[in-house]
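Novice: Next come a sequence and a model predicted from it.
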Amino acid sequence: MVSKRFRKSLTALLTAAIVATTLVPVSAAEAVSADAAATEEVVENTTSSKEEAEVENTKDEEVETQSTNAQIKGVTVSLDEPVYKKTGSEIKPVPHVTVSGQTVSAGTYTVAYYNNTKVGTAAVVVKGANKGDVKWTGTYSTSFKIVKKKISLSSKEVKILGVEDRQYVQSGNYKQDNVKVYYVDPVSGAYTELREGVDYTKTITGKNAENKKQMKVVIDAASSSTVFKGKKTIKFRTYSKKKVLADPDNITVSVNYNNKPLADYEAIDPVFKSATSLTLTKIKPSVTLTDSEGKKLSEGTDYKVSYKANKNPGLASIVIKLKKSGKQTYYGNITRYFKIEPVELTTSMVTKCQTSSSSYKYTGDDIIPTMSVKVKINGKTRTLSQGTDYYVVCINNVKKRKSTADNAPEAFVFGMGKYKGYLGSDTFRIKD
């Protein structure tokens, strides 16, 4: 149950202003924090919160959480950009919220921002207000990075996908419509798509020659970008001796999953081995290739299909390679991509979300507690790992304060890696 003291503390911290509008990993030492950085109202926490005297004796106990504002599945929170440059002021990107695929208006939720002024990871927390055409409740989150310097497009944090070989044409007019550019979180590995014309520009240039790899796709930072800089060049081959498999004028690629078409880069939910399993299973969409004359190529004879990174949340790939029969007519390979979403957790699934200790010694620096978090998935309890399965954002975590104070130090927990969602929070004490 949520204590009156906790409600009072959280409300005092987060109701300075209400805005009706919207994979960072941390170790205990690297966790992000902010002293009194919350600026909006958020939903009541659903984990047990006890008076200070009681906390001392109950930190190691597992407590069943109860929610007075139940979360629902199918809610997504996204931002236009995954990274923002430090300005010295609060950064408040407008979140985009969908419920079961339907975009909901700003008046149906409130937003809270955490750690949104300094370099590091900031969190955006959205609370459903249970009003409007689509009524929904619960607390949901996403995060973004704040950086001091611009990120180079040639760095490991940026991935450029979808550059493919093309059938040689004398005009040299080639298209590369399947290209996508992603920012990849350096620790969690989460992919966020960048926007052409806003974050980057794409041009095709080079020497047009038969059967040579001299044409180039150049991805250049947009002049208006405040976050990205530089450029990256990827070459592709222009071939004339055989039909190029990856050229859309030669081959139409159809990908299906669960008897439905799966678009390139489309996101799908992860799959458990069974309704009572905690283990994810590999996802293998089917592939059909049809040539420009309407003839279907034969899988196993003309081509073979393999999969990469198709089990855990992240970006999976489908690799299509020619076999002996197909090589008589066609040249090259094809790669298609799909996203596997993290497992969605709600506070009703959390059975424990507490700091490992009720009090911490004052140091003059940010105090980032080690958390103890357990969730129940498919009827089974799993202990989550800080920095791998969830990250922590703190407020009021520098000065000496009691855990019962209105401005008590507090740690908020958000899913990362294989998991997503707001998991809860706990207060703690900073003392001499």
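Specialist: Sure thing, it's come through.
Novice: I'd like to know how far residue 154 sits from residue 237.
Specialist: 22 Å (C-beta to C-beta, to the nearest Å). C-beta coordinates here come from the backbone N, C-alpha and C atoms, glycine included.
Novice: Settle it for me: which of those two has more neighbours?
Specialist: Between residue 154 and residue 237, residue 237 has the larger neighbour count (other C-beta atoms under 10 Å), namely 18 against 14.
Novice: check which helix or strand covers that one.
Specialist: strand 231-239 (DSSP states H and E).
Novice: what helices or strands is that strand leaning on?
Specialist: Strand 231-239 is packed against strand 158-161, strand 166-167, strand 212-221, with contacts defined by 3 or more C-beta pairs under 8 Å, 6 or more residues apart in numbering; DSSP states H and E.
Novice: Out of these, which is closest to residue 275?
Specialist: Of all the helices and strands packed on strand 231-239, it is strand 158-161 that lies closest to residue 275, at 33.9 Å by C-beta to C-beta.
Novice: hmm, who's touching that closest one?
Specialist: 151-153, 179-184, 191, 194, 217, 219, 228, 232, 234, 335, 337 (C-beta atoms under 8 Å, 6 or more residues apart in numbering).
Novice: and those residues, which are buried?
Specialist: With neighbours counted by 16 or more other C-beta atoms under 10 Å, the contacts of strand 158-161 contain buried members at 151, 153, 179-184, 191, 194, 217, 219, 228, 232, 335, 337.
Novice: what about the stretch 151-300 of the chain, any weak spots by pLDDT?
Specialist: Residues of the stretch 151-300 of the chain meeting the criterion pLDDT under 70: 187-188.
Novice: can you map out the strands along the stretch 101-250 of the chain?
Specialist: 102-103, 109-114, 120-128, 139-147, 151-152, 158-161, 166-167, 180-184, 191-193, 200-206, 212-221, 228-229, 231-239, 243-244 (DSSP state E, counting those that start in this stretch).
Novice: As a markdown table, those with distance to residue 253 would be great.
Specialist: As requested, the strands of the stretch 101-250 of the chain are exported to a markdown table (distance: least, C-beta to C-beta, whole Å):
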| stretch | distance to residue 253 |
| --- | --- |
| strand 102-103 | 29 |
| strand 109-114 | 39 |
| strand 120-128 | 36 |
| strand 139-147 | 31 |
| strand 151-152 | 32 |
| strand 158-161 | 15 |
| strand 166-167 | 15 |
| strand 180-184 | 16 |
| strand 191-193 | 20 |
| strand 200-206 | 21 |
| strand 212-221 | 19 |
| strand 228-229 | 30 |
| strand 231-239 | 17 |
| strand 243-244 | 13 |
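Novice: closest to residue 86 out of those strands?
Specialist: Nearest of the strands of the stretch 101-250 of the chain (C-beta to C-beta): strand 139-147, 5.3 Å.
Novice: what kind of secondary structure is residue 348 in?
Specialist: helix (DSSP: H, G, I helix; E, B strand; the rest coil).
Novice: and the gap between it and residue 160?
Specialist: From residue 348 across to residue 160, the span is 40 Å (C-beta to C-beta).
Novice: Tell me where the stretch 301-432 of the chain has helices.
Specialist: Along the stretch 301-432 of the chain, the stretches classed as helices by DSSP state H, counting those that start in this stretch are 324-327.
Novice: what residues are up against the residue lying closest to residue 339 once chain neighbours are set aside?
Specialist: Excluding the flanking residues, the one nearest residue 339 by C-beta to C-beta, 6 or more residues apart in numbering is residue 267, at 4.0 Å. Contact analysis of residue 267 by C-beta under 8 Å, 6+ apart lists 338-341.
Novice: repeat for residue 246
Specialist: Neighbours of residue 246 in contact, by C-beta under 8 Å, 6+ apart: 164-166, 332-334.
Novice: Max pairwise distance over the residues you listed: which two?
Specialist: 166 and 333 (13.4 Å).
Novice: how about the nearest residue to residue 330 once chain neighbours are set aside, phi and psi?
Specialist: Leaving aside its sequence neighbours, residue 330 sits nearest to residue 245 (C-beta to C-beta, 6+ apart; 4.6 Å). Main-chain torsions, residue 245, degrees, to the nearest 10: phi -60, psi -40.
Novice: Likewise for residue 84?
Specialist: phi -130, psi 150.
Novice: ok now do it, which residues does it touch?
Specialist: 91, 93, 144-147, 226-227.
Novice: Against residue 144, how distant is it?
Specialist: 6 Å.
Novice: intersection of neighbour lists for the two?
Specialist: 91, 93.
Novice: any idea how far residue 383 is from the closest residue to residue 238 other than its chain neighbours?
Specialist: Leaving aside its sequence neighbours, residue 238 sits nearest to residue 168 (C-beta to C-beta, 6+ apart; 4.3 Å). Counting by C-beta to C-beta, the gap from residue 168 to residue 383 is 57 Å.
Novice: which parts of stretch 82-102 are buried?
Specialist: Result for stretch 82-102 [16+ other C-beta under 10 Å]: buried residues 82-85, 91-93, 95-97, 99.
Novice: Quick check: end-to-end length of that stretch?
Specialist: By C-alpha to C-alpha, to the nearest Å, the extent of stretch 82-102 from end to end equals 22 Å.
Novice: and that stretch, what's its mean pLDDT?
Specialist: Across stretch 82-102, pLDDT averages out at 93.
Novice: got the contact list for residue 134?
Specialist: 99-100, 102, 104, 108.
Novice: follow-up on the earlier one: which members of the contacts of residue 267 are classed as buried?
Specialist: Applying 16+ other C-beta under 10 Å to the contacts of residue 267 flags 338, 340 as buried.
Novice: List just the nearest of the contacts of residue 267 to residue 123.
Specialist: The closest of the contacts of residue 267, once distances to residue 123 are taken by C-beta to C-beta, is residue 341, at 18.8 Å.
Novice: Noted, bye for now.
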